[in-house]
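Enquirer: Just to be clear, the model below is a prediction. Sequence and coordinates:
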Amino acid sequence: MDTGQDEGARSREPRQERSRATRRRLLEAAAACLAERGVAGSTVAAVAERAGVSRGAAQHHFPTREALFTAALRHMSDTRMAELRRRIDELPAGADRTTAVVEMLVDAYSGPVFAGAVQLWAAAANDPRLRSHVIPLEDHVGRTAHRAAVELLGADESAPGVRETVQATLDLARGLGLANLLTDDEPRRRRIVARWAEILRRELGTG
């Protein structure tokens, strides 16, 4: 029995867990900083301080600010979409299901993570280096959100026009999220969600 090898494996496990925990804190802190301070105010040092780690530790995990920010938004978006998919069994049956899904998707494009993403998009428009990171991120986030929407809606994308209708739902949710950054018009948003759910039920044949 090689007890030395076993002890070595056990000693590595806590280090790996601490490394994962540090990375997770950095990702969450970066997303929060983006939402609150924008790209210009979100330095690696500021993110490290918020996460409770040294700047050197932050740069060990993420050598550049661009890598840190895009990884943060990818992590937070993936986490959010995974949460939505886990709630599929909680959705009501019948016509109410479509309305509930549209509400969930609209909510996914609200809050601090989305606000941080908007800050990153705006900065990337005039920063080629940042844009080279953001475009692949957007491709990934878009695909992940589309898959989640298809699953939640129970949509059959083999039918003509269904894929485009699902994407229109996501585009609507994003547009409402952008509008919500400036003014919180909950009654108007509820009316739009209810109307779109009616259209969606007809288009998807779900009610």
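Expert: Received the coordinates, thanks.

Enquirer: ok, and for the helix or strand hosting I135, which residues are buried?
Expert: If you go by DSSP states H and E, I135 is part of helix 128-153. For helix 128-153, the neighbour count (16 or more other C-beta atoms under 10 Å) marks 130-131, 133-134, 137-138, 141, 144-146, 148-150, 152-153 as buried. All C-beta atoms are positioned from the backbone trio N, CA, C, and that covers glycine.

Enquirer: Just give me the closest of these to S110.
Expert: Among those, A145 lies closest to S110 (C-beta to C-beta), at 13.6 Å.

Enquirer: so the closest one makes contact with L170?
Expert: Yes. With contact defined as C-beta atoms under 8 Å, A145 reaches L170; the gap is 5.6 Å.

Enquirer: hey, what's in contact with both of these two?
Expert: Any residue near both A145 and L170 by C-beta atoms under 8 Å, 6 or more residues apart in numbering counts here, and that gives L105.

Enquirer: Low-confidence ranges, this protein, go.
Expert: Where the chain drops to pLDDT under 70, the residues are 1-13, 207.

Enquirer: change it to 80
Expert: 1-14, 184, 206-207 (pLDDT under 80).

Enquirer: What helix or strand is the one residue sitting closest to the centre of the chain located in?
Expert: The chain has S77 as the residue nearest its centroid, 1.6 Å off, counting by C-alpha atoms, centre = their mean. Using DSSP H and E, S77 maps to helix 65-86.

Enquirer: Quick one: the helices in this structure, in order.
Expert: Secondary structure of the chain by DSSP state H: the helices cover 3-37, 44-51, 55-61, 65-86, 95-108, 112-124, 128-153, 162-182, 186-204.

Enquirer: Which strands or helices does the fifth one pack on?
Expert: Other elements packing on helix 95-108 under the criterion 3 or more C-beta pairs under 8 Å, 6 or more residues apart in numbering; DSSP states H and E are helix 65-86, helix 128-153, helix 162-182, helix 186-204.
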